[in-house]
Structure formats: C-alpha cells, structure tokens
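K.L.:
what shape does this take:
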Amino acid sequence: MRDKIIKFIIVMLVCGSVYFLLTNHIIFYTGGEELQWEILPKTTISFEETFVSLETGEYGGLKSILEKGTLQEDGLGAILVEWELISEDGLRRLEEEIAAEE
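P.N.:
Below is the predicted model:
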C-alpha cells in the first residue's frame, strides 16, 4: 500500500509540473548584474514559448520577441517596461508597428 501511495504522489508531482509548464511562460534575462526571471501566465495551453530568453541576439530584437506567438497578448510588454529594457513610449510605438504590419 505504501508503494502505491508513493507512486501516486510521484505521478501527481509529474502531472502538476507538466501542467505548470503548459500554462506559464518562464521569462528570463541575464543582462545586467544578475539574472532576472518572471512567471507569466499563458492565454492558451501549449508548450510553445514556455522558456523565453530576452537576450536580443536569440530572437533578433524586442520587436521580433513581441511578434512571436502570444507573448504580446500575454503581457510581456509590461515585463519589458518593468525591467527597464524599453520605455512605455517605446513599447507603445513597437506595438503600433506590429499592429500596422498585421
């Protein structure tokens, strides 16, 4: 009986971890003095963009990061402003550019 309970607990931990990864973006930025990270809820359940690095070399720039998938809808812009990677005016202009291209 004890073994069944332990197996059940392990299965529940694995399932909970998978569900967490399906429903959240983990945003991180290693520029500056220390690692910054934030958990951002997704609007849709998927494994897409679960781990997102804001290093501009990986995606090509902040515009391409915001254009990618649902990150803009999920509120990545607020994190960019909070971490002072872009100003509020710069974010607004960037979002307008992206909207104009669509």
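K.L.:
how would you label Ile39: helix, strand or coil?
P.N.:
Under the three-state scheme (DSSP: H, G, I helix; E, B strand; the rest coil), Ile39 adopts strand.
K.L.:
how far away is it from Ile79?
P.N.:
Per CB to CB, to the nearest Å, Ile39 is found 10 Å from Ile79. Yep, even glycine has a C-beta here, placed from its N, CA and C like the rest.
K.L.:
so for those two, which residue has more residues nearby?
P.N.:
The neighbour comparison of Ile39 against Ile79 (other CB atoms under 10 Å) goes to Ile79, with 20 against 10.
K.L.:
for that one, which non-adjacent residue is spatially closest?
P.N.:
In this structure, Ile79 finds its nearest non-sequential neighbour in Glu38, 5.4 Å apart by CB to CB, 6 or more residues apart in numbering.
K.L.:
ok, Tyr29 next?
P.N.:
Nearest non-adjacent residue to Tyr29, counting by CB to CB, 6+ apart: Leu54, 4.1 Å away.
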